[in-house]
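Participant: Show me how the following folds:
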Amino acid sequence: MKMTTALLIANPSDEEEDNMAMLCCHSAQGEMFLMTRYPDEDELEITLDGEPSTLDDVKVTLGPTLLKIEIGAADADALNGDDVLEITYDPKVTDVAEVERTLRNILDGTGTYVSEL
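Facilitator: Alright, predicted model coming up:
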């Protein structure tokens, strides 16, 4: 599955939400992607178009213009039947350092983070 967005919205630790880490975007076609994790949880949650799924063992790769999320084939229903979601974003309007901090918080102990920056 592929999405294109101008802006990745990231918050590594939202104090108003019990220090939840959150990464979100809206595609040009109106689709919404949200990945969250509370610091005391062992799993993360991915929401795609309003359908939340709780997952573990997620691999996320952050590149200069591409965010790639890979999940197990058994969890493919979380991504509408796909086990990979590629989100192309604009680094000129995205705080990439904030996205990286957020991904580290979300994936610490629950998945794999790969930086290609």
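
Participant: Just want the most central residue of the chain.
Facilitator: Of all residues in the chain, the one closest to the mean position by CA atoms, centre = their mean is M35, 4.3 Å from it.

Participant: you'd agree G50 is up against M32?
Facilitator: Yes. Contact status for G50 versus M32: in contact at 7.2 Å, counting by CB atoms under 8 Å. Backbone N, C-alpha and C define where each C-beta goes, glycine included.

Participant: More neighbours: which of those two?
Facilitator: M32 (14 against 8; other CB atoms under 10 Å).

Participant: how about the residue nearest to the more buried one when sequence neighbours are not counted, phi and psi?
Facilitator: Nearest non-adjacent residue to M32, counting by CB to CB, 6 or more residues apart in numbering: H26, 5.3 Å away. Torsion angles at H26 (phi, psi; degrees, to the nearest 10) stand at phi -120, psi 130.

Participant: H26 and M3, how far apart?
Facilitator: According to CB to CB, to the nearest Å, H26 stands 9 Å off from M3.

Participant: Check the burial of the residue nearest to M32 by counting its neighbours.
Facilitator: Neighbouring residues of H26 were enumerated by other CB under 10 Å; the total is 15.

Participant: can you pull the contacts of it?
Facilitator: With contacts defined as CB atoms under 8 Å, 6 or more residues apart in numbering, the neighbours of H26 are T5, M32, F33.

Participant: As JSON lines, those with pLDDT, distance to G109 and secondary structure would be great.
Facilitator: Written out in JSON lines, the entries for those read as follows (pLDDT from 0 to 100; distance: CB to CB, whole Å; DSSP: H, G, I helix; E, B strand; the rest coil):
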{"residue": "T5", "pLDDT": "96", "distance to G109": "27", "secondary structure": "coil"}
{"residue": "M32", "pLDDT": "95", "distance to G109": "26", "secondary structure": "strand"}
{"residue": "F33", "pLDDT": "96", "distance to G109": "22", "secondary structure": "strand"}
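
Participant: Looking at those residues, spot the one nearest L103.
Facilitator: For these, the minimum distance to L103 (CB to CB) is 13.2 Å, reached by F33.
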